[in-house]
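Student: one predicted model, sequence on top.
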Amino acid sequence: MDLELGMAATERSKNRRWNDILLAYKTLGVVFGGLVTSPLYVYPSMNLKSPTEEDYLGIYSIIFWTLTLIGVVKYVCIALNADDNGEGGTFALYSLLCRHANVGILPSPNADSKTNNLCPEQSTETKQSRLGKFFEQSMIARRILLFVAILGMCMLIGDGILTPAISVLSAMDGLRGPFPSVGKSAVEGSSAGVLIALFLLQKYGTSKVSFLFSPIMAAWTFTTPIIGVYSFLRYYPSIFKAISPHYIVHFFLRKGTAGWQLLGGTVLCITGAEAMFADLGHFNKKSIQMAFIFTIYPSLVLTYAGQTAYLTKNLNDHRDGFYKFVPGPVYWPMFVIATSAAVVASQSLISATFSVIKQSVGLDYFPRVKVVHTSAHKEGEVYSPETNYVLMIFCVAAILGFGDGQAMGNAFGVVVILVMLITTVLLTLVMIIVWRTPILLAGLYFIPFFILEGVYVSAVCTKIVEGGWFPFAISIILASIMFGWYYGRQKKLMYEMMNKITLESLSGLISRSEIQRVPGLCFFYTNIQDGFTPILGHYINNLHSFHKLTIFTTWRYLLLAKVPPNERIIIRRFGLTGVYGCIIQYGYADLHSLTEDDHVSQVISSLKTYISSNSNGLPQTSIEEEILQLEDAKSVGVVHVKGKTRFQVGRETSWFDRIILGFYEFLHGNCRSALPNARIPLQQSIEIGMLYKA
């Protein structure tokens, strides 16, 4: 028996190992595209003037230690452990903080303390860290924390725009070497065409795209270091002496301010590293770690070594630093591989953008867009059509607007390093508040990386005028949309809480002689549980009817990746005959695209279980009768009632509210319904219009 159990465990372990290896192979086509293709544009993005051999050795030393410290130490060894039930990214870190301490600024009308048992660590943890207490007591600190998380998300989306643009443009620029007659506009036009084709492929899902792209990325990952080895053996066999940090010190002593400004180009060597963390929901930690340590990191070290070795003997070829170091006989094969790899590079941040948009929509920080789950097995794998086409438009605009690789590199550098700095700050807070890491130990992480990334930030900020303004413009647009949406949602929630209908008021309303109790089952959707939405009174007074069996239903999206199935649906009685409350809870990584029949059946099943287990001493006949009434109501017919509200802006409304609420109404009028995933048939849906006074 023990032998059989041991053999079964060994078989499971072997299957997991092969599954991790297969996932690691797939990550090449999704996660690491932006990172491993960075040699295409790092040297061309640098504004080098009369460079020397010592300059190139110093630059290679900076690149090597940046890849090692940020890529290996920060992300692979530390950040990937800070997942929120398998999800990564800045919002996952913010989610962890909100779950383990009261640091969110969302009001809690949806948070019923009697039913909120999803975070056992909060209920059992009695002692909070000093830093956690500080954030809980300071609304300003909590708002700053939310702003930082939103900024990180906006910058990541900016990364999703610029990675495809600069990668494809840099690869296609290889046409101008053998064919000088090929103009800049032709390169830009062909790059835009390639990107449009890529975005049209997104609807097929990350798994299919990654399996298609991974062979291309594998070819790139293994051929570029081979050329790198050939190059440094031919031009500069002792290139690895530059690994010594004293070359960095000598570089800055010689170059001074000019050397500091060149950091705006060297930072691009680590571009795409954030995708390792943000794309965690599409794969898993072990597969990403395996792929980076055993393939990506050595490939980059050898490729940059070969590039640098070539440039030490050809000092002024840095403008085309990749294609010039490729040997002539393999130039065209490498051009094809480079162009294909640049297309794949775009996938990593596109997938990450879909993930963060889905998280934000689920948490009601962003207008509702369509989110499609493209895998039945991987719930984190999503696709958003609206997001996809907006990204496509911005990518093409970036190519046609910037054109020049150096200007786009300036914009790219700002995005890359700011996202990483934000991750460093949030991860440090997670260490102290969630992991309870001692301050001194957390400081050993925070201080070196904050200084390193802070120096990079100071360098790239000097490039704001020269293209760095673009990601800030994108971030301002996105932040404005998020703020306008969030402000409008909170205003609406505030009105509902101030004008809610109490249980006593509802009892009085439905007991009036002119109100008819009609047969059937009604799902009445509401945002609050402590009372009833004012739309309910509007509904009863206008239709003069109320269903004999009404379930007040709330969809609650939590700062949690996944909700346990047994806690998905929470039922309660309101004390009135035939009136129940239902909370349907989802995390931002949960799959909740249900048919109407599934939705109704799950609620009915939970309600039956609740009635049977919460009899409060009632006789069995009464319990059976209540369940029978429920089944009869369902057989008569099901109707779904939801509100459609607008703000009534009067003369007394402040100019600020007029602008922001007007913007919110525009967003609300053009976004998707709050209940798209229940697939409610149109003939069973009723919308009740009502004006809320601003």
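Tutor: Received it, and whenever you're ready, just let me know what you need.
Student: just the strands in the stretch 501-650 of the chain please.
Tutor: Assignment of strands within the stretch 501-650 of the chain using DSSP state E, counting those that start in this stretch yields the ranges 516-525, 545-558, 569-573, 579-587, 638-648.
Student: tell me which other helices or strands the first one touches.
Tutor: Taking 3 or more CB pairs under 8 Å, 6 or more residues apart in numbering; DSSP states H and E as contact, the helices and strands that strand 516-525 lies on are strand 545-558, helix 596-613, helix 620-636, strand 638-648. All C-beta spots, glycine's among them, are computed from the backbone N, C-alpha and C.
Student: could you export these as CSV, including distance to Y486 and mean pLDDT?
Tutor: Output for the helices and strands packed on strand 516-525, formatted as CSV (distance: least, CB to CB, whole Å; pLDDT from 0 to 100):
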stretch, distance to Y486, mean pLDDT
strand 545-558, 14, 88
helix 596-613, 27, 82
helix 620-636, 37, 86
strand 638-648, 15, 87
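Student: out of these, which is the most enclosed?
Tutor: strand 545-558 (a mean of 21; mean count of other CB atoms under 10 Å).
Student: neighbouring strands - and their directions - for that one?
Tutor: strand 516-525 (parallel), strand 579-587 (parallel) (DSSP bridges).
Student: starting at the chain centroid, how far to the last one?
Tutor: Just to be clear, that refers to strand 579-587. 26 Å (CA atoms, centre = their mean, to the nearest Å).
Student: now do the buried residues in that strand.
Tutor: V579, Y580, G581, C582, I583, I584, Q585, Y586, G587 (16 or more other CB atoms under 10 Å).
Student: for beta bridges, what are the partners of the fifth one?
Tutor: Same thing as I583. T554, I570.
Student: that one against Q529, yeah?
Tutor: Yes - the criterion here is CB atoms under 8 Å, and I583 meets it with Q529 at 6.6 Å.
Student: one step back: out of the strands paired with strand 545-558, which is closest to I62?
Tutor: strand 579-587 (40.6 Å; CB to CB).
Student: list the helices and strands whichever strand or helix holds L97 packs on?
Tutor: In the assignment (DSSP states H and E), L97 maps to helix 90-100. Here helix 90-100 touches helix 120-124, helix 139-172, helix 331-362, helix 405-429, going by 3+ CB pairs under 8 Å, 6+ apart.
Student: for those helices, could you give me JSON lines that also reports distance to W485?
Tutor: Below are the helices and strands packed on helix 90-100 laid out as JSON lines (distance: least, CB to CB, whole Å):
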{"stretch": "helix 120-124", "distance to W485": "27"}
{"stretch": "helix 139-172", "distance to W485": "11"}
{"stretch": "helix 331-362", "distance to W485": "9"}
{"stretch": "helix 405-429", "distance to W485": "21"}
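Student: for those, give me a markdown table that also has mean pLDDT, mean neighbour count and distance to L536.
Tutor: Output for the helices and strands packed on helix 90-100, formatted as a markdown table (pLDDT from 0 to 100; neighbours: other CB atoms under 10 Å; distance: least, CB to CB, whole Å):
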| stretch | mean pLDDT | mean neighbour count | distance to L536 |
| --- | --- | --- | --- |
| helix 120-124 | 41 | 10 | 32 |
| helix 139-172 | 81 | 24 | 31 |
| helix 331-362 | 80 | 24 | 26 |
| helix 405-429 | 81 | 25 | 40 |
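Student: so which of these gets nearest L630?
Tutor: Of all the helices and strands packed on helix 90-100, helix 331-362 comes closest under CB to CB, at 30.0 Å.
Student: that closest one to strand 545-558, inter-axis angle?
Tutor: Taking axes from the mean of the first three to the mean of the last three CA atoms, to 10 degrees, one finds helix 331-362 and strand 545-558 inclined to each other by 130 degrees.
Student: chain center to helix 331-362, what's the gap?
Tutor: With CA atoms, centre = their mean, you get 15 Å for helix 331-362.
Student: hmm, back to that, now the helices and strands packed on strand 516-525 as TSV including distance to V416?
Tutor: Converted to TSV, those look like this (distance: least, CB to CB, whole Å):
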stretch	distance to V416
strand 545-558	30
helix 596-613	42
helix 620-636	55
strand 638-648	40
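Student: for F402, which of those is the nearest?
Tutor: strand 545-558 (37.4 Å).
Student: so that closest one versus helix 90-100, what angle?
Tutor: Going by the same axes, to 10 degrees, strand 545-558 makes 110 degrees with helix 90-100.
Student: now do strand 545-558 against helix 620-636, angle only.
Tutor: Going by the same axes, to 10 degrees, strand 545-558 makes 90 degrees with helix 620-636.
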